[in-house]
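Asker: Return atomic coordinates for the entry below.
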Amino acid sequence: MPIPEPPASPSDEHRAPSDDHRALELLAHAPYGHLSVTLRALPFVITTRHIVSDGRVLVRLHGGYGYSRACDGSVIAYNADNFGGREEGDEDVWHVQFVGTARRFTPGPAELLSFGPAPRVADNVPFLPEYLCIEPQFITLHHLEGVPARQAAHSS
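Answerer: Below you'll find the model as predicted:
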């Protein structure tokens, strides 16, 4: 007797096969995201610069923290969105998140060019770039519509 398939989750029922591709396209337009990892059972969230290359997410982070060593070979979570980079009148918000195994790597010249210039300092010390490569698994893409862009209030 064949084993019955588990029921689809509600999110699976509405998921198109191209959602993963669309999520990576959107991710390519947000230069920064957040990498989450646990170190000795304590969670850490790290702001990183990322690029998308051949379906992989390549991440640049400050080597002075030791996070790339801790992430190497570990399953991490990554997310990015367009919450803060919208213009007045743009009421569409998206959020991409995924998990994957992070591996340290050395970027090639084209990848370094895509990353752009690195920060000069991180927490008052020279920025030491280190790089991780992540092959996204279990990608989730969420959209919200009708979310007004928040404008900074200025006081005088």
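
Asker: Which secondary structure element is home to the residue nearest to Phe115 when sequence neighbours are not counted?
Answerer: Spatial nearest neighbour of Phe115, excluding adjacent residues (Cβ to Cβ, 6 or more residues apart in numbering): Arg60 at 5.3 Å. Bear in mind the C-beta positions are built from the backbone N, C-alpha and C, glycine included. Applying DSSP states H and E as the criterion places Arg60 in strand 56-62.

Asker: helix or strand right after that strand?
Answerer: Downstream of strand 56-62, the next assigned helix or strand under DSSP H and E is helix 67-71.

Asker: I'd like to know which elements that following helix is packed against.
Answerer: Counting contacts by 3 or more Cβ pairs under 8 Å, 6 or more residues apart in numbering; DSSP states H and E, helix 67-71 packs against strand 32-39, strand 92-104, strand 129-134.

Asker: residues of stretch 75-94 that come out buried?
Answerer: Across stretch 75-94, burial judged by 16 or more other Cβ atoms under 10 Å covers 76-82, 93-94.

Asker: same question, stretch 133-148
Answerer: Across stretch 133-148, burial judged by 16+ other Cβ under 10 Å covers 133-134, 136, 139, 141.

Asker: again with stretch 106-121
Answerer: For stretch 106-121, the neighbour count (16+ other Cβ under 10 Å) marks 107, 111-112, 115 as buried.

Asker: following the helix-or-strand element of the chain with minimal mean pLDDT, which helix or strand comes up?
Answerer: Using mean pLDDT, DSSP states H and E, the weakest-scoring helix or strand in the chain turns out to be helix 10-13, at a mean of 49. For helix 10-13, the succeeding helix or strand toward the C-terminus, using DSSP H and E, is helix 19-27.
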